[in-house]
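Asks: need a 3D model of the following:
(one chain, ligands or ions: 2)
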Amino acid sequence: MMPSRSLQRELLAWLVVPLTAVVSFNVWTTYWNAAETADLITDRTLLASARVIAENIRENDGVLEAPIPPAALEMFASDPPDRVVYRVATPRGRIIAGYPDVIAPPGEPVGLEPVYFQTRFREQPMRAVAIAQPIVSAQNPGSAIVAVGQTLRAHDQLMTSLWLKALRDQVLLVAAAGLLGVFGLRRGLAPILRLRNDVVERDPAELKPFAANAVQSELRPLVEALNEAFERIQRQMAAQRRFVANAAHQLRTPLALLKTQVGVGLREKGVAAKEEALAAADRSVDGMARLSNQLLSLARAEQGSSSLMKSEVDFGAVARDALEGLTQAALSRHIDLGFEAEEEGLVVWGHPTLLRELVINLVDNALRYTPEGGSVTARIGRDGERVVLRVEDTGPGIAEADREKVFERFYRGADAGSEGTGLGLAIVREIVSSHDGEIVLSGRQPPPGLNACVSLPAYRQD
Ligand SMILES: Nc1ncnc2c1ncn2[C@@H]1O[C@H](COP(=O)(O)OP(=O)(O)OP(=O)(O)O)[C@@H](O)[C@H]1O
Ligand SMILES: [Mg+2]
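Replies: Ligands and ions are numbered 1, 2, ... in the order given. As a prediction, this is how the structure comes out:
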């Protein structure tokens, strides 16, 4: 099963995840900035302290001494307290103040430039500075080296607090962005949710389309597509209802007629009259049988292209066979029925019974609506990738305005006569479309007459 996807969650993720990445990078740089700031502040204090100590170095009887003024250490006052150590060495390297064994600078400071360095004091990390203090004296020429170091507790605390503050701001920023995002999304998605409720709650008989302008422009095509789909379904449902009503009517009428005919037959005393009633009833039964067959073919063709049992069918042979069954009808109406078929390439992928039905319906119409003495010709041949069947007659033809309507179920022309139900061409169209084909009605050249042209894709062996 596919995990259910949430637009809200996805959009929010797209907002928060990159933002978190940016903020993480930001926090990382802030960490280094905080470290740098803390270093800078510590270094300033160290240097100031070292200077105070250096300025107090004096010579007493040719001996250098370095009394440590309290001010030099007071500036380190911090909470938590740090260890501060110092060391003063004469130009000859003798230690005159502080701890001899600690905070030896890695190299002698050159000139007046202070040297900052990291060291350890009793296992504690320490930051320290060393400066050179020139001594003006005959006995002690050169520079005294003053070094001051401080453990890193205050330094680290400063850094942490700087960093934490920045971190807090950034986290607040992400949270605010997330919240605003959720809020914005809720508002943005509200029209879709409303639309969803509309769809869910809609009465199936409701015809009114959904309001496309109630949603954002990006979603309008969706609503329009939805409306179109609904409209199609509505139309289909209406057609279906009409069809059922019509079919019921069409079945009821001949049944009532049959009932009357049988009643007449029963009542009549004379054999001849009974015969006559029986013959009439027989015709009614024929009509009903035809109608039932038509309804069945329609239902079968309606299943659509994919669910039909199809095979390779020689459309030419099917058409010839269908026409043979109609020669009697043609003869009785004195119509010249012709058939021309190409020898090869008339194979299609289809349903033989339905294809036969298609030919019968077209030719039956041609025979039925062409006046006596006319002619009907069916031609079947190959046209490129298609197999084309043309049925031409010399009847009245169909007015252009009616050429779409005649395909509707139960539609019949004004002078169509009493026999027939108006299903013939509806069946033809259904069969054609279930074979991925096309049908075009046009006027016969030369007039008068109708030219019904059906084209189906030719079967290709691959
Ligand atoms: N070859 C034709 N020439 C003139 N009019 C035609 C022709 N074929 C069909 N029509 C017109 O189209 C209408 C619909 O044809 P369709 O075959 O669907 O129904 P029908 O022939 O009236 O009844 P049935 O269901 O028995 O076939 C006919 O009533 C007729 O008016
Ligand atoms: Mg017909």
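
Asks: top strand in this structure by residue count?
Replies: The single longest strand within the chain, with elements called by DSSP state E, is strand 124-135.

Asks: quick one: low-confidence parts of the stretch 51-200 of the chain?
Replies: Judged by pLDDT under 70, the stretch 51-200 of the chain has its weakly predicted residues at 101-103.

Asks: what does it put close to ligand 1?
Replies: For the stretch 51-200 of the chain, no residue is in contact with ligand 1 (CB under 6 Å from any ligand atom). Every residue, glycine included, has its C-beta placed from N, CA and C.

Asks: closest residue of the stretch 51-200 of the chain to ligand 1?
Replies: Nearest residue of the stretch 51-200 of the chain to ligand 1: residue 199, at 37.7 Å (CB to the nearest ligand atom).

Asks: ok now the host helix or strand of that residue, how far from the chain's centre?
Replies: Using DSSP states H and E, residue 199 maps to helix 153-201. Relative to its parent chain, helix 153-201 has a centroid offset of 27 Å by CA atoms, centre = their mean, to the nearest Å.

Asks: the helix or strand just after it near ligand 1 at all?
Replies: With elements assigned by DSSP H and E, the helix or strand that comes after helix 153-201 is helix 220-267. No. Using CB under 6 Å from any ligand atom, helix 220-267 never reaches ligand 1; the gap is at least 9.3 Å.

Asks: what is the burial count for residue 375?
Replies: The tally of other residues near residue 375 (other CB atoms under 10 Å) stands at 16.

Asks: which residues does it bridge with?
Replies: residue 336 (DSSP bridges).

Asks: wait, isn't it in contact with residue 391?
Replies: No. At 11.6 Å, residue 375 does not count as touching residue 391 under the criterion of CB atoms under 8 Å.

Asks: residue 414 sits in which helix or strand?
Replies: Going by DSSP H and E, residue 414 is not in any helix or strand.

Asks: residue ranges of each domain in this protein, please.
Replies: As assigned by automatic domain parsing, the chain contains the domains 7-160, 219-289, 304-457.

Asks: please name the nearest non-neighbouring residue to the residue nearest the centre of the chain.
Replies: Centroid-nearest residue in the chain, with CA atoms, centre = their mean: residue 222, separated by 10.8 Å. Of all residues not flanking residue 222 in the chain, residue 215 sits nearest, at 7.8 Å (CB to CB, 6 or more residues apart in numbering).

Asks: hang on, the earlier thing: separation between the residue nearest to the centre of the chain and residue 317?
Replies: 50 Å (CB to CB, to the nearest Å).

Asks: and what of residue 125?
Replies: Using CB to CB, we find residue 125 at a distance of 101 Å from residue 317.

Asks: for the closest residue to ligand 1 within the chain, give me the pLDDT.
Replies: In the chain, the residue that lies nearest ligand 1 is residue 413 (2.0 Å; CB to the nearest ligand atom). Looking at residue 413, its pLDDT is 86.

Asks: what about it, how many neighbours?
Replies: Around residue 413 there are 15 residues (other CB under 10 Å).

Asks: which non-adjacent residue is nearest the closest residue to ligand 2 within the stretch 301-450 of the chain?
Replies: Of all residues in the stretch 301-450 of the chain, residue 424 sits closest to ligand 2, at 2.7 Å by CB to the ion. Closest residue to residue 424 apart from its sequence neighbours, by CB to CB, 6+ apart: residue 361 at 4.3 Å.

Asks: the host helix or strand of the one you found - what's its average pLDDT?
Replies: Residue 361 is part of helix 352-369 when elements are defined by DSSP H and E. The average pLDDT within helix 352-369 is 94.

Asks: for it, name the packing helices and strands.
Replies: Other elements packing on helix 352-369 under the criterion 3 or more CB pairs under 8 Å, 6 or more residues apart in numbering; DSSP states H and E are helix 271-302, strand 311-314, helix 315-324, helix 327-332, strand 375-383, strand 386-393, helix 424-434, strand 450-457.

Asks: nearest to residue 165, out of these?
Replies: Residue 165 lies closest to helix 424-434 among the helices and strands packed on helix 352-369, at 73.5 Å (CB to CB).

Asks: quick one: contacts for residue 415?
Replies: Residue 415 is in contact with residue 396, counting by CB atoms under 8 Å, 6 or more residues apart in numbering.

Asks: no, scratch that, I was asking about residue 186
Replies: Counted by CB under 8 Å, 6+ apart, residue 186 has contacts residue 8.

Asks: go on, residue 288?
Replies: Going by CB under 8 Å, 6+ apart, the list of residues near residue 288 reads 251, 254-255, 258.

Asks: what's the answer for residue 437, then?
Replies: 454-457.

Asks: and for the closest residue in space to residue 359 that isn't next to it in sequence, the neighbour number?
Replies: Once flanking residues are discounted, residue 359 sits nearest to residue 322: 4.0 Å by CB to CB, 6+ apart. Number of residues near residue 322 (other CB under 10 Å) recorded here: 21.

Asks: okay, and the beta partners of the nearest residue to residue 143 once chain neighbours are set aside?
Replies: Excluding the flanking residues, the one nearest residue 143 by CB to CB, 6+ apart is residue 132, at 4.0 Å. With DSSP bridges as the criterion, residue 132 is bridged to residue 145.

Asks: residue 132 against residue 107, yeah?
Replies: No. Taking contacts as CB under 8 Å, residue 132 lies outside contact range of residue 107: 11.2 Å.

Asks: so where's the stretch 251-400 of the chain uncertain?
Replies: Using pLDDT under 70, the stretch 251-400 of the chain drops low at 304-305.

Asks: SS state for residue 119?
Replies: strand (DSSP: H, G, I helix; E, B strand; the rest coil).

Asks: tell me which residue lies farthest from the centre of this protein.
Replies: Max distance from the centre of the chain (CA atoms, centre = their mean): residue 61, 94.7 Å.

Asks: buried ones in stretch 356-368, by neighbour count?
Replies: Going by neighbour count (16 or more other CB atoms under 10 Å), the buried part of stretch 356-368 is 356-368.

Asks: one more: stretch 204-217?
Replies: 210, 212, 215.

Asks: ditto for stretch 170-177
Replies: Residues 170, 174, 177 are the ones in stretch 170-177 that count as buried (16+ other CB under 10 Å).

Asks: what about the nearest residue to the last one once chain neighbours are set aside, neighbour count?
Replies: Read that as residue 177. With sequence-adjacent residues excluded and distances taken as CB to CB, 6+ apart, residue 177 is closest to residue 19, at 5.7 Å. Applying other CB under 10 Å, we find 16 residues neighbouring residue 19.

Asks: can you list the residues of this protein near ligand 2?
Replies: Neighbours of ligand 2 within the chain, by CB under 5 Å from the ion: 365, 424.

Asks: got the contact list for the closest residue to residue 321 other than its chain neighbours?
Replies: Closest residue in space to residue 321, ignoring its immediate chain neighbours: residue 356 at 6.7 Å, by CB to CB, 6+ apart. By CB under 8 Å, 6+ apart, the residues touching residue 356 are 318, 321-322.

Asks: is residue 461 in a helix, a strand, or coil?
Replies: coil.
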